[in-house]
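Novice: Just need the structure, nothing else, for what follows:
(one chain, ligands or ions: 2)
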Amino acid sequence: MINRQKAVRTPSFEEAVHLILDAVSPLDCESVSLLDSLGRVSAVDVPAPWSTPRYDNSAMDGFAVRAVDCAPGAALPIADYVPAGATASPVLNPGSTVKIMTGAPIPDNCDAVVPFEAAEEVNGVVRLKKPVIARQHIRFKGEDISAGDTILSEGHVVRPVDIGVLASFGGKITVVYRQPKVAILSTGDELVENTEDLVPGKVLDSNRWAIAAAVRDCGAIPVVLGIARDDVQSHREKLEEGLHADALITTAGVSAGDRDLVRDALAEIGVRSVFRGVRVKPGSPTCFGSHGNTPVFSLPGNPVASLITFEEFVKPALLKMMGHRRVLNPFLPAVLGANIQKSSGNAKLLRVILEQRDGALWAWSAGPQDTGMQKTLLRADAVAFLPADRMSFTAGEKVGVQLLNQLNAHLTYGNDPLRSSKISPSCAPRSITRSGSGRAT
Ligand code: AMP
Ligand code: MG
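Specialist: Ligands and ions are numbered 1, 2, ... in the order given. Modelled structure (predicted):
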């Protein structure tokens, strides 16, 4: 359900995140094939339809025995053989043994399996090398999962192991929360789609690609609407089209310029505003509202600001709509590598590079923090959160950092290059960002 509460003042970063999360709910659910459920969120509890294993079976290739027959030095004639896949097993006669393969049903009377490596077979007779304990190397009927046990819980993100367990009970489909279709609208007269049209004064519409990629990256379905021109009619038409989706994202046109039409156009078509602006940089012009159950995110136009605000404000909401419970990127403790100055009033999401030293995570500014600087975001491993009420941050003090991309983060795990990322950063040598203090605008 969409929250009807109206924000009366510009919310802080944290307030904005919570206003958005309060306004969205998980979507309805759908059945998908087992494999397609990977990474999706289960919408139901799934009970085991039967107990498993379904029959007592051998955990080893070896010899089925009665433990009482296995005094040290005992020699047991091999009376029979049960391969894996056998549907019946012979009865074990006292004083003998049955050769058995892993997974094969245990013979009646048998209470232990002696693995090949603990026995010696000569001319059809088995001599035991080690003492035998009753019940050893037998997987007993029902000892793993009992009928009715929950094998997949509502809210659980489906992993390969879940798919394997569901398949082991004959599962063919999984019921998961639906993925939102997310309409993406770029706005602005300066935008063009093709390089042929890239005359001075024009800019390629890169936001549609970045935001579509970010939508897909978090598991939702991007629907690109194209470009709304800087006139009310064009905005209204495209925005109305976007309201048919499960969520709508616009970029640009939310600042104070006289051509920034998004907020008014949204109000005209009945989108209820929850907040206009957030006390955070980058991202201060971000607006959020709703139309029925469709959340509407209006992100700033600068490519860096639109991606960071997507990460902080849109992604948690989309994750919640897809049934996820853990929707916020956690802040990890890190040590500031250099002094940082910022203005007061707004919190700051400082793009940083990270390095592990002596077991601690260290954060350095990834470069110029102006939102026009794409290279700094290309280079960044994380954003560090600098609270609104402070202006000076000193090298050595603790800050919270959110990883932007686990796979590319410049983190090392021991000296093994396959466990560490040492790919050189995009655009500039990392060392240039280490020296001196930095000013965050
Ligand atoms: P605005 O929020 O409309 O003031 O735009 C801020 C900046 O972002 C301007 O330099 C725009 O040219 C740029 N910008 C806006 N939309 C896009 C887009 N879709 N792709 C790339 N840059 C954009
Ligand atoms: Mg504009």
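Novice: so how far is A366 from M322?
Specialist: 30 Å (C-beta to C-beta, to the nearest Å). Where C-beta positions appear, they are placed from N, C-alpha and C, glycine not excepted.
Novice: And those two? Which one has more around it.
Specialist: A366 (29 against 23; other C-beta atoms under 10 Å).
Novice: Show me the shaky parts of the stretch 1-150 of the chain.
Specialist: 1-8 (pLDDT under 70).
Novice: Up against ligand 2, what does it have?
Specialist: Taking C-beta under 5 Å from the ion, no part of the stretch 1-150 of the chain reaches ligand 2.
Novice: So in that sheet, which strands flank the longest strand seen in the chain, and in what orientation?
Specialist: The longest strand of the chain (DSSP state E) is strand 347-357. Next to strand 347-357 in the sheet, as set by DSSP bridges, lie strand 280-281 (parallel), strand 360-365 (antiparallel), strand 382-386 (antiparallel).
Novice: Distance to E241 and mean neighbour count added to those, as a markdown table?
Specialist: A markdown table is the format used below for the strands paired with strand 347-357 (distance: least, C-beta to C-beta, whole Å; neighbours: other C-beta atoms under 10 Å):
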| stretch | distance to E241 | mean neighbour count |
| --- | --- | --- |
| strand 280-281 | 30 | 24 |
| strand 360-365 | 41 | 22 |
| strand 382-386 | 32 | 24 |
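Novice: Of these, give the one that comes closest to ligand 2.
Specialist: Among these, strand 280-281 comes nearest to ligand 2, with 18.2 Å by C-beta to the ion.
Novice: In the stretch 201-350 of the chain, which residue sits nearest ligand 1?
Specialist: Residue nearest to ligand 1 within the stretch 201-350 of the chain (C-beta to the nearest ligand atom): G301, separated by 2.7 Å.
Novice: pLDDT of the host helix or strand of V165, averaged?
Specialist: In the assignment (DSSP states H and E), V165 maps to helix 160-168. Throughout helix 160-168, pLDDT has a mean value of 98.
Novice: where along the stretch 201-350 of the chain do the helices fall?
Specialist: 207-217, 232-242, 262-268, 303-309, 315-321 (DSSP state H, counting those that start in this stretch).
Novice: so does the fourth one get close to ligand 2?
Specialist: No - figure legend: helix 303-309 not in contact with ligand 2 (C-beta under 5 Å from the ion); closest approach 11.9 Å.
Novice: That helix near ligand 1 anywhere?
Specialist: Yes - residues of helix 303-309 contacting ligand 1 under C-beta under 6 Å from any ligand atom: P303.
Novice: so how far is that helix off the chain centroid?
Specialist: 20 Å (C-alpha atoms, centre = their mean, to the nearest Å).
Novice: could I get stretch 305-316 in PDB with only the CA atoms?
Specialist: Output of stretch 305-316 as PDB, limited to C-alpha atoms (Å, rounded to 0.1, in the frame of the first residue of the first chain):
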ATOM      1  CA  ALA A 305      23.900  11.800  -9.500                       C
ATOM      2  CA  SER A 306      21.200   9.700 -11.200                       C
ATOM      3  CA  LEU A 307      23.200   6.500 -10.700                       C
ATOM      4  CA  ILE A 308      24.000   7.200  -7.100                       C
ATOM      5  CA  THR A 309      20.400   8.200  -6.300                       C
ATOM      6  CA  PHE A 310      19.200   5.000  -8.000                       C
ATOM      7  CA  GLU A 311      21.500   3.000  -5.800                       C
ATOM      8  CA  GLU A 312      20.400   4.700  -2.600                       C
ATOM      9  CA  PHE A 313      16.700   5.400  -3.200                       C
ATOM     10  CA  VAL A 314      15.300   3.300  -6.100                       C
ATOM     11  CA  LYS A 315      17.100   0.000  -5.700                       C
ATOM     12  CA  PRO A 316      15.900  -0.600  -2.100                       C
END
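Novice: buried stuff in it?
Specialist: Going by neighbour count (16 or more other C-beta atoms under 10 Å), the buried part of stretch 305-316 is 305-316.
Novice: Now flag whichever of the residues you listed is closest to V182.
Specialist: Distance to V182, by C-beta to C-beta, is smallest for V314 among the buried residues of stretch 305-316, at 8.2 Å.
Novice: Contact partners for the residue located most distally from the centre of the chain?
Specialist: The outermost residue of the chain relative to its centre, with distances by C-alpha atoms, centre = their mean, is N123 at 58.2 Å. Under the criterion of C-beta atoms under 8 Å, 6 or more residues apart in numbering, N123 has no neighbours.
Novice: Ligand 1 versus that one, what's the distance?
Specialist: 82 Å (C-beta to the nearest ligand atom, to the nearest Å).
Novice: Backbone dihedrals for that residue, please?
Specialist: Per-residue torsions, N123: phi 50, psi 50 (degrees, to the nearest 10).
Novice: which residues of the stretch 1-150 of the chain fall in helices?
Specialist: Under DSSP H, counting those that start in this stretch, the stretch 1-150 of the chain gives helices at 13-23.
Novice: what does it have sitting close to ligand 1?
Specialist: Counting by C-beta under 6 Å from any ligand atom, no residue of the stretch 1-150 of the chain is near ligand 1.
Novice: Kindly provide the distance from the most centrally placed residue in the chain to V262.
Specialist: The C-alpha lying nearest the average C-alpha coordinate of the chain belongs to C218 (C-alpha atoms, centre = their mean; 6.9 Å). From C218 across to V262, the span is 23 Å (C-beta to C-beta).
Novice: do the same with G188
Specialist: 10 Å.
Novice: ditto for I353
Specialist: Distance, I353 to V262, by C-beta to C-beta: 33 Å.
Novice: Compare the two (neighbour count), which wins?
Specialist: A direct count of neighbours by other C-beta under 10 Å for I353 and V262 places V262 higher, at 26 against 22.
Novice: tell me the contacts of that one?
Specialist: Going by C-beta under 8 Å, 6+ apart, the list of residues near V262 reads 187, 235, 239, 250, 252-254, 287, 298.
Novice: Same question for F310.
Specialist: F310 touches 211, 214, 249, 297, 299, counting by C-beta under 8 Å, 6+ apart.
Novice: okay, these in CSV with pLDDT and distance to ligand 2 next?
Specialist: As requested, the contacts of F310 are arranged in CSV below (pLDDT from 0 to 100; distance: C-beta to the ion, whole Å):
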residue, pLDDT, distance to ligand 2
I211, 98, 16
A214, 97, 20
I249, 98, 16
F297, 98, 17
L299, 98, 12
